[in-house]
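Novice: Give the three-dimensional model of this entry:
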Amino acid sequence: MTGYTDIRATGWVARLPESWRPYALLGRFDRPIGAWLLLLPGFWAFALAAPGWAEGLRLAVLFTLGAFAMRAAGCVVNDLWDRDLDRQVERTRGRPLAAGTVTPFQALLFLAGLCTMGLLVLLQLPWAAILFGACSLLPIALYPLAKRVTDWPQAVLGLVFSWAAPTGYAAATGLLDGPALALWAAGFFWILGYDTIYAHQDREDDATVGIRSTALKFRETTRPFLAACYGATLALLVLAGWLAGLSWLFLPALLLPAALLARQVLTLDIHDPAHCLVLFKSNREVGFAIALAFLAGRL
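Specialist: Modelled structure (predicted):
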């Protein structure tokens, strides 16, 4: 492949048996950042509300397995929807379905295996979490359609990728109350912001093929939009901590993720796709810093 792409068929992926490599790429196992970003709102919930360290760690392990399986499943669904469009976008034309190294039928079999793994993880959780987690399947399936019909597909992704926050809270407490809803809303605005940065990688190609996004909607005014999203995220995190009765230590600990988010706003260059990807990936550190802030508030 030539041109800009974020596919990395090197490292451990290159050492896999040749027949396995397209599936590793299809599930984005070469780029686990998406799985981490799906998982981290769940870590926020455990840090905020887990009844003890042992239960928190047990849930963290289960959610890690589930997040990697379901993020891969979501990528398969997305690529099945988008395989024709992906051939027309420089960054995505090497994806296995677009390139023809995996057939749609093979992708469906792979999807069934991933969903089975996700279901096995889900069944280890309390019923409240099982029911809420199962409800995520509909927006996951509909997300690829959103970018064809609305300028706000990043909002749909925000709904999906923040789902681990209320699901994790329900798994830890058996409830869905004020802190859970505040966490969910905080995750929504965080994801709306960082996925707008991500979408700037494909902005011009998307405009050519008819894909819509907040990156295309806001273009040169992305920075104030991003500042508004991240400001809402921080305000809602403070609300979640207050509703959960955290100690004052939570507030100074929250300065670290606030600084990391501010750096993204200040250094954003929408005309540099490689830097947009770097900023997008930096949200893994943001997510961990938020979880540590919640833990500090429970000391």
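
Novice: What helices and strands are in contact with the worst-scoring helix or strand of the chain on mean pLDDT?
Specialist: Lowest on mean pLDDT, DSSP states H and E among the helices and strands of the chain sits helix 137-149, with a mean of 80. Counting contacts by 3 or more CB pairs under 8 Å, 6 or more residues apart in numbering; DSSP states H and E, helix 137-149 packs against helix 53-86, helix 153-161. No exception for glycine: its C-beta is placed from N, CA and C like everyone else's.

Novice: Mind exporting the C-alpha coordinates of the last one to PDB?
Specialist: When you say that, I think you mean helix 153-161. Provided in PDB are the C-alpha atoms of helix 153-161 (Å, rounded to 0.1, in the frame of the first residue of the first chain):
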ATOM      1  CA  PRO A 153     -22.000   9.700  13.800                       C
ATOM      2  CA  GLN A 154     -19.500  10.500  16.600                       C
ATOM      3  CA  ALA A 155     -22.400  11.100  18.900                       C
ATOM      4  CA  VAL A 156     -23.700   7.500  18.100                       C
ATOM      5  CA  LEU A 157     -20.200   6.200  18.800                       C
ATOM      6  CA  GLY A 158     -20.100   8.200  22.000                       C
ATOM      7  CA  LEU A 159     -23.300   6.400  23.100                       C
ATOM      8  CA  VAL A 160     -21.800   3.000  22.300                       C
ATOM      9  CA  PHE A 161     -18.200   3.400  23.600                       C
END
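
Novice: how about Ser247, phi and psi?
Specialist: Here is the backbone geometry of Ser247 (degrees, to the nearest 10): phi -80, psi 170.

Novice: okay but it is in contact with Arg298, surely?
Specialist: Yes. Between Ser247 and Arg298 there is a contact under CB atoms under 8 Å: 7.3 Å.

Novice: buried ones in stretch 223-231?
Specialist: Arg223, Phe225, Leu226, Ala227, Cys229, Tyr230, Gly231 (16 or more other CB atoms under 10 Å).

Novice: ok, which pair from those is furthest apart?
Specialist: Across the buried residues of stretch 223-231, no pair lies farther apart than Arg223 and Gly231, at 12.3 Å, counting by CB to CB.

Novice: okay, the helices and strands packed on helix 137-149 in TSV with mean neighbour count and mean pLDDT next?
Specialist: Listed next are those as TSV, based on neighbours: other CB atoms under 10 Å; pLDDT from 0 to 100:
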stretch	mean neighbour count	mean pLDDT
helix 53-86	19	92
helix 153-161	23	92
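
Novice: Could you export the ones you listed as CSV, including distance to Gln264?
Specialist: What follows is the helices and strands packed on helix 137-149, written out as CSV (distance: least, CB to CB, whole Å):
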stretch, distance to Gln264
helix 53-86, 22
helix 153-161, 15
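
Novice: Tell me which of these lies nearest to Tyr194.
Specialist: Checking these against Tyr194 by CB to CB gives helix 153-161 as the closest, at 8.9 Å.

Novice: That closest one to helix 53-86, inter-axis angle?
Specialist: 150 degrees (axes from the mean of the first three to the mean of the last three CA atoms, to 10 degrees).

Novice: Could you measure from Gln154 over to Pro126?
Specialist: 31 Å (CB to CB, to the nearest Å).

Novice: go on, Leu137?
Specialist: Separation of Leu137 from Pro126 (CB to CB) stands at 18 Å.

Novice: same thing with Asp79?
Specialist: From Asp79 across to Pro126, the span is 33 Å (CB to CB).

Novice: Check Leu277 too.
Specialist: Distance of Leu277 to Pro126, given as CB to CB: 37 Å.

Novice: Those two: who's more crowded?
Specialist: Here Leu277 and Pro126 are compared on neighbour count by other CB atoms under 10 Å; more neighbours surround Leu277, at 19 against 14.

Novice: could you say which helix or strand contains the more buried one?
Specialist: In this structure, Leu277 is located in helix 273-281 according to DSSP states H and E.
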